[in-house]
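J.: Sharing a model that was predicted from the sequence below.
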Amino acid sequence: MATSKDKANSIVILTQEERSTLEQQHDILLLLEQLAQNETITIKLILDRLYDLGTANIIEQKITISPIKGAVKAIAKLFKPAFRMVAIYWFNKNCPQLITDWLIEQVAFNNAQTTKVELEAETQQIQQLRSQVRLLSGIVIILVMIFGGSFIWLFHDLIASTETLNTINQSIIKIDRDK
């Protein structure tokens, strides 16, 4: 890329080939954004299936008590609409650019080997991401259990208060009959 400097600003002069490459990359990005907009239903279905698979796998791996698994699975279904909204927003915002970058990387045909330092850095980053996923999974499971317990407690409290009201009403009716 050829550059020339002005006193106040630096001006970047692109060759015709570089300009053409940038335009093609931008076209790919626009096409992928259009594809995401046109295939919203397909994307929603894919994200739903990924959510179902992911929650099932996390619950099977992290929860060892069988009676709780059913309750957690039921509660996980309650969070599916919220996940879908966030996932679709994230997909539309990030995926076209990520896919474009990946595709361009695939056709670049770089023969450069990754160095050992780069490989170690990537491995360390993967380990950090895995630990963050584990932490977030634990937090989600704890929140699901707290909300589930709260719902169960509220339901139990509602039943108990209904029974108390019925007992009081029966006592009042009995007192009224005795008079």
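T.: Nice, I can see it.
J.: contacts, neighbours, all on C-alpha from now
T.: Will do.
J.: Grab the most central residue of this protein for me.
T.: residue 87 (5.0 Å; C-alpha atoms, centre = their mean).
J.: host element of it?
T.: Residue 87 is part of helix 80-107 when elements are defined by DSSP states H and E.
J.: next helix or strand past the lowest-mean-pLDDT helix or strand in the chain?
T.: The weakest-scoring helix or strand in the chain, judged by mean pLDDT, DSSP states H and E, is strand 2-5 (a mean of 47). Using DSSP H and E, the next helix or strand after strand 2-5 towards the C-terminus is strand 10-13.
J.: Only alpha carbons, please: show that following strand as PDB.
T.: Provided in PDB are the C-alpha atoms of strand 10-13 (Å, rounded to 0.1, in the frame of the first residue of the first chain):
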ATOM      1  CA  SER A  10      -1.600  11.400   6.200                       C
ATOM      2  CA  ILE A  11      -3.300  10.300   3.000                       C
ATOM      3  CA  VAL A  12      -3.500   6.700   2.000                       C
ATOM      4  CA  ILE A  13      -3.300   6.000  -1.700                       C
END
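J.: Counting by contacts, list what that strand packs against.
T.: strand 2-5 (3 or more C-alpha pairs under 8 Å, 6 or more residues apart in numbering; DSSP states H and E).
J.: picking that back up, show me what the helix holding residue 87 is packed against.
T.: So helix 80-107, by 3+ C-alpha pairs under 8 Å, 6+ apart, packs with helix 16-38, helix 40-62.
J.: Tell me which residues of that helix come out buried.
T.: 83-84, 87-88, 91-92, 95-97, 100 (16 or more other C-alpha atoms under 10 Å).
J.: Same check on stretch 138-153?
T.: 141, 144-145, 148.
J.: Can you lay out these as TSV showing distance to residue 63 and pLDDT?
T.: Below are the buried residues of stretch 138-153 laid out as TSV (distance: C-alpha to C-alpha, whole Å; pLDDT from 0 to 100):
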residue	distance to residue 63	pLDDT
141	9	89
144	12	87
145	11	88
148	14	85
